[in-house]
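>>> Here is my input, please return the structure:
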Amino acid sequence: MKRVITYGTFDLFHYGHVNILRRAKEYGDYLIVAISTDEFNWNEKHKKCYFTYEQRKQLVESVRYVDLVIPEENWDQKITDVQEYHVDTFVMGDDWEGKFDFLKDYCEVVYLPRTPEISTTQIKQELKK
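Down below sits the predicted model:
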């Protein structure tokens, strides 16, 4: 069984999120999604989410492409996650291109093009208007 992992905040869940999860699942049989916890988002990323971690987890778990959701609690857990969950392929959006190449020692690393016309940041900006 080929295992794939991806990471994200997945706040204000939208069709761009569905696209990356669908495309990530195409790289294997079992998709693990690590969702940034509220504490990690606030303390490290300086982001406040609209939905709590538990709400975002529930949304992502409901997507048919997703087999397991785990918490992302810090930047450094990726190697441990890849090893612990026996991951074959690490997938991220291409806005992170090159940032996770250090994982190539442990698994295949793939950067997928983002859905260009949608982002959570864009939604938040448009709602402010």
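
>>> make it CA atoms for all contacts and neighbour counts henceforth
Will do.

>>> ok, which stretches of this protein are helices?
15-25, 38-43, 53-61, 78-84, 120-128 (DSSP state H).

>>> Could you work out which of these reaches nearest to Tyr106?
Closest to Tyr106 of the helices of the chain, according to C-alpha to C-alpha: helix 78-84, at 7.2 Å.

>>> Where does pLDDT dip in the protein?
Within the chain, no range satisfies pLDDT under 70.

>>> how about the closest residue to Asp38 other than its chain neighbours, what does it touch?
Nearest-residue entry for Asp38: Tyr53, 5.7 Å, with adjacent residues in sequence omitted and distances by C-alpha to C-alpha, 6 or more residues apart in numbering. Residues in contact with Tyr53 (C-alpha atoms under 8 Å, 6 or more residues apart in numbering) are Ile35, Ser36, Thr37, Asp38.

>>> okay, now Asp105: neighbour count?
The number of residues packed near Asp105 is 9, by other C-alpha atoms under 10 Å.

>>> Next one: it from Thr89, what distance?
11 Å (C-alpha to C-alpha, to the nearest Å).

>>> Can you give me every residue that contacts Ile20?
Gly93, Leu112, Arg114.

>>> and if you look at Leu31?
Arg3, Val4, Ile5, Thr6, Ala24, Lys25, Tyr65, Val66, Asp67, Leu68.

>>> re the thing from before, redo the helices of the chain as CSV? Include distance to Lys99.
Below are the helices of the chain laid out as CSV (distance: least, C-alpha to C-alpha, whole Å):
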stretch, distance to Lys99
helix 15-25, 18
helix 38-43, 18
helix 53-61, 24
helix 78-84, 12
helix 120-128, 20
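
>>> so of the contacts of Tyr53, which ones are in strands?
Counting by DSSP state E, the part of the contacts of Tyr53 found in strands is Ile35, Ser36.

>>> so which two of the contacts of Tyr53 are the farthest from each other?
Spatially, the most separated pair among these is Ile35 and Asp38, at 9.4 Å (C-alpha to C-alpha).
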